[in-house]
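Undergrad: model the following, please.
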Amino acid sequence: MASIAADVGPWFGNYYSRTNAEPPEPCRDRYEHYTLWDYLGHIAAVFREEARYRAFKSLRDDLVSRIRADLPPASERPSLAVVADTGGTFWPYDFTGDGYLWAHLRPFGMQNAFAATDAETRSGGSYDYEAMVETAPDVVLRYWGTALGDSFRSNREEVLSDPLADEVPAFRDGRYYPSGNGMQGPIMNLFQTEMTAKQLFPDRFGAWPGYGDGESYPEIPAGERLFDRGRVADIVAGEF
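TA: A predicted model of the protein is given here:
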């Protein structure tokens with residue numbers, strides 16, 4: 001490590017902040033877990049882009065502040081399940097834990113639909129439609145669904161056409177959406193936070209229009225955008 005720092009350049013990694021997992025014993029006592037924006041701040045320092053980082057963080061902080069100001073009370077928010085699924089088998093995830101993997105979900109303070117069941121909300125557990133009926137989520141988000149393109153759309157049709165789908169509130173109401181990519185940087189975090197706001201609270205933030213062909217972010221009407229695209233372009237161009 002010392003030779004890399006002396007002969008190569010700045011080096012750091014923080015893999016375990018992804019889910020705030022426990023690091024290996026030799027480094028456990030001095031390991032620091034970072035939020036997404038803490039992590040990005042350290043990256044900005046390495047590349048001497050602190051001003052650009054502060055501009056992005058200001059934009060993100062404003063977005064989150066305005067979203068939180070318009071959220072309904074916690075008791076009135078829909079229950080949410082975040083899953084991976086294949087062929088009618090669902091793997092639930094606990095998105096309420098720490099770690100930058102859920103940075104686009106955490107601002108909403110959502111209830112995990114699986115918390116009231118005996119389901120194992122880690123990737124080791126798998127469940128069928130009967131378990132989804134028991135869990136009864138109001139909204140279901142497909143873990144990393146935005147990266148799946150056409151395969152998510154075909155999978156969604158399959159899920160919603162199952163005979164038991166009408167017994168799951170989210171599936172009955174068509175509220176099964178692709179969720180974002182946990183490996184996100186500052187720009188992706190802005191878009192994924194906006195996307196999640198529209199999926200969870202369309203009456204407050206405008207309806208999510210769907211993901212099109214999965215190759216690009218869908219067009220959001222100017223009046224329904226939750227952050228300024230022009231400001232993002234300016235920051236990318238160095239106009240802070």
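Undergrad: neighbouring contacts of the helix or strand of the chain with the lowest mean pLDDT?
TA: When the helices and strands of the chain are scored by mean pLDDT, DSSP states H and E, helix 2-7 comes last with a mean of 76. With contact meaning CB atoms under 8 Å, 6 or more residues apart in numbering, helix 2-7 is reached by W11. The C-beta positions use only the backbone N, C-alpha and C, and glycine is treated the same way.
Undergrad: what sits closest to the residue positioned nearest the centre of the chain if chain neighbours are left out?
TA: What sits nearest the mean C-alpha location of the chain, by CA atoms, centre = their mean, is H104, with 3.7 Å. Spatial nearest neighbour of H104, chain neighbours left out: Q192 (3.8 Å); criterion: CB to CB, 6 or more residues apart in numbering.
Undergrad: that neighbour: how many residues sit nearby?
TA: If you count neighbours by other CB atoms under 10 Å, Q192 ends up with 20.
Undergrad: can I assume it sits in a helix?
TA: Yes: looking at Q192 with DSSP: H, G, I helix; E, B strand; the rest coil, it is inside a helix.
Undergrad: how about it, what does it touch?
TA: H104, T146, S179, G180, N181, Q184.
Undergrad: also G238?
TA: Neighbours of G238 in contact, by CB under 8 Å, 6+ apart: R52.
Undergrad: make sure it is indeed in a helix.
TA: No: assignment of G238 by three-state DSSP gives coil, placing it outside any helix.
Undergrad: re earlier: what about the residue nearest to the centre of the chain, which SS state?
TA: With three-state DSSP as the criterion, H104 reads coil.
Undergrad: tell me the helix or strand right after the helix or strand hosting L63.
TA: Element membership of L63 [criterion: DSSP states H and E] is helix 50-69. Going down the chain from helix 50-69, the next helix or strand is strand 79-86, by DSSP H and E.
Undergrad: just list what that next one packs against, helices and strands only.
TA: strand 89-93, strand 111-112, strand 139-142, helix 150-160 (3 or more CB pairs under 8 Å, 6 or more residues apart in numbering; DSSP states H and E).
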